[in-house]
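Undergrad: Sequence plus the predicted model coming up.
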Amino acid sequence: MKETRREWLKSGAGSALALSALSVAGCGAGQTQPGEESGLQMVPLDYGRSFICHEAPENSVRFWIESRTRILDEKSGSSTDYYQCGSCKSEDTFAEKNLLVEDNYDFLPIFGDGRVLIFRRHAFVDQRYRTVTSSKDILWGPPRLVLKQGGVKELVGHDQIHQATAAATPIVTQTELWNAEQGLRAIIECPTKTLNISQTKKVYQVDTGPVAYPDLSRRHNPEIGALSLAFVVFNAPDFADFVVEQPTLLKKDPENCQVFHYSQPFSRVARNRIFTLLV
C-alpha cells in the first residue's frame, strides 16, 4: 500500500519499499534540513554517499544509488520513490577464477514500491532485457536504504552555476515532468556528471545519465514498469531533452540487426532546478 505524500515525508523512507533502516547525515545550521520537504520539493541526496545495501550471508550486495525518480499520483495524493543503481557486469560471484561470464551483459537494478526492475543489456536484443520481481524474492536479502543528505543551495542564473562548476562542488539536478490528463507528475533527480559552460554566451548545459525516465502517458501496473533508462540534457529551466535506451536498428547492417542503444531523442516541457551540495 502506498503512503500519502505527507506520510512519506514524515517517515523519511517508504514502507512500500520494505526498508529496514534509514541513515541520514546531518545538515549545517540554517540550511535545508531533511524532513522539510513539502509539496513537490524534495531535498537532494548526496549521491557520493547514498547506497542500497543487502545483508544475505552468502552475498551482501551494496549498490550505489545513481538517480532517484519520484512519481506522484495527484488523484490519490500518494508518491513513490524509485532508486536507480549503478551498472555492473554479469559475473560468477566469488569464483576462484574466470570471474566474468563469457556471454557478458550489463546489469542494472531499480528499486521501489516493494519491487525491483532489473535491466540486463546484452550485445543483442533479448527478451530478458527488463524483468520485474518482488524485492522479497531476490537472493541478496531485503533492500536497506542508506541515504545521506547535507546542506544544499539552489543555483539560479548562469553566474551561480558557473561558480559552482568552477569550484568543482557536487551538483545535483531535479527535472519535473507532468501529465495533467493522467494526473501524474514526476521528479527525476541525479548527480550531474557532465556540465558544459560557455562564458562567452552565458549558457550552461547539463548532460548526464543514466536516469530512470518515467512514462507518464498512461498509468502502468505495476508502476515501476513506467521506468526506462535515459540520459537527460537541458540548458534552460523550462524544457529537457531525453534519449531512451531501446531496441535500435544498426543502419549499416545488411541484415537489419538491432541492439539496445540510446536513440530517438525527444523533448519535454519541464521544470529544471540545479543544486550544489555545501561541503
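TA: That came through, no problem.

Undergrad: Show me where the stretch 101-250 of the chain has its helices.
TA: Ranges of helices in the stretch 101-250 of the chain, per DSSP state H, counting those that start in this stretch, are 157-166.

Undergrad: got the contact list for the closest residue to residue 219 other than its chain neighbours?
TA: Leaving aside its sequence neighbours, residue 219 sits nearest to residue 182 (CB to CB, 6 or more residues apart in numbering; 6.3 Å). Quick note: C-beta positions are derived from backbone N, CA and C, even for glycine. With contact taken as CB atoms under 8 Å, 6 or more residues apart in numbering, residue 182 is in contact with 216-219.

Undergrad: Sketch out the low-pLDDT regions of this protein for me.
TA: Counting by pLDDT under 70, the ranges of the chain that qualify are 1-40, 253-254.

Undergrad: What's the local residue count around residue 244?
TA: Counted with other CB atoms under 10 Å, residues neighbouring residue 244 total 18.

Undergrad: The residue nearest the centre of the chain is in what secondary structure piece?
TA: The chain has residue 67 as the residue nearest its centroid, 2.5 Å off, counting by CA atoms, centre = their mean. For residue 67, the host element (DSSP states H and E) is strand 62-73.

Undergrad: Looks like the residue nearest to the centre of the chain contacts residue 84 (just checking).
TA: Yes. Under the criterion of CB atoms under 8 Å, residue 67 makes contact with residue 84 at 4.5 Å.

Undergrad: overlap in contacts of these two?
TA: With CB under 8 Å, 6+ apart as the test, residue 67 and residue 84 both reach 210-212.

Undergrad: Can you lay out these as JSON lines showing distance to residue 103 and neighbour count?
TA: Output for these, formatted as JSON lines (distance: CB to CB, whole Å; neighbours: other CB atoms under 10 Å):
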{"residue": "210", "distance to residue 103": "22", "neighbour count": "21"}
{"residue": "211", "distance to residue 103": "27", "neighbour count": "23"}
{"residue": "212", "distance to residue 103": "26", "neighbour count": "28"}
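
Undergrad: Can you tell me which of the residues you listed is closest to residue 255?
TA: Distance to residue 255 across these (CB to CB) is lowest for residue 210, with 28.3 Å.

Undergrad: what's the burial count for the nearest residue to the closest one once chain neighbours are set aside?
TA: Leaving aside its sequence neighbours, residue 210 sits nearest to residue 229 (CB to CB, 6+ apart; 4.4 Å). Neighbourhood size, residue 229 [other CB under 10 Å]: 25.

Undergrad: With the one 3 residues further on instead?
TA: Residues near residue 232, counting by other CB under 10 Å, number 24.

Undergrad: For it, name its beta-bridge partners.
TA: residue 208, residue 242 (DSSP bridges).

Undergrad: ok, which stretches of the stretch 1-150 of the chain are strands?
TA: Per DSSP state E, counting those that start in this stretch, the stretch 1-150 of the chain carries strands over the ranges 51-53, 62-73, 78-85, 88-89, 106-112, 115-121, 130-134, 144-146.

Undergrad: which one of those lies closest to residue 248?
TA: strand 115-121 (11.8 Å).

Undergrad: Residues touching the closest one, excluding its own?
TA: Residues outside strand 115-121 that contact it (CB under 8 Å, 6+ apart) are 90, 105-110, 126, 128-135, 138, 143, 222, 224-225, 227, 229, 245, 260.

Undergrad: Work out the gap between the strand holding residue 67 and the centre of the chain.
TA: Distance of strand 62-73 from the chain centroid (CA atoms, centre = their mean, to the nearest Å) equals 4 Å.

Undergrad: ok and it relative to strand 78-85, angle-wise?
TA: If you take axes from the mean of the first three to the mean of the last three CA atoms, to 10 degrees, strand 62-73 sits at 150 degrees to strand 78-85.

Undergrad: Pull up the pairing partners for strand 62-73, direction included.
TA: Going by DSSP bridges, the partners of strand 62-73 are strand 51-53 (antiparallel), strand 78-85 (antiparallel), strand 184-191 (antiparallel).

Undergrad: I'd like these as TSV, with distance to residue 168 appended.
TA: Output for the strands paired with strand 62-73, formatted as TSV (distance: least, CB to CB, whole Å):
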stretch	distance to residue 168
strand 51-53	23
strand 78-85	24
strand 184-191	13
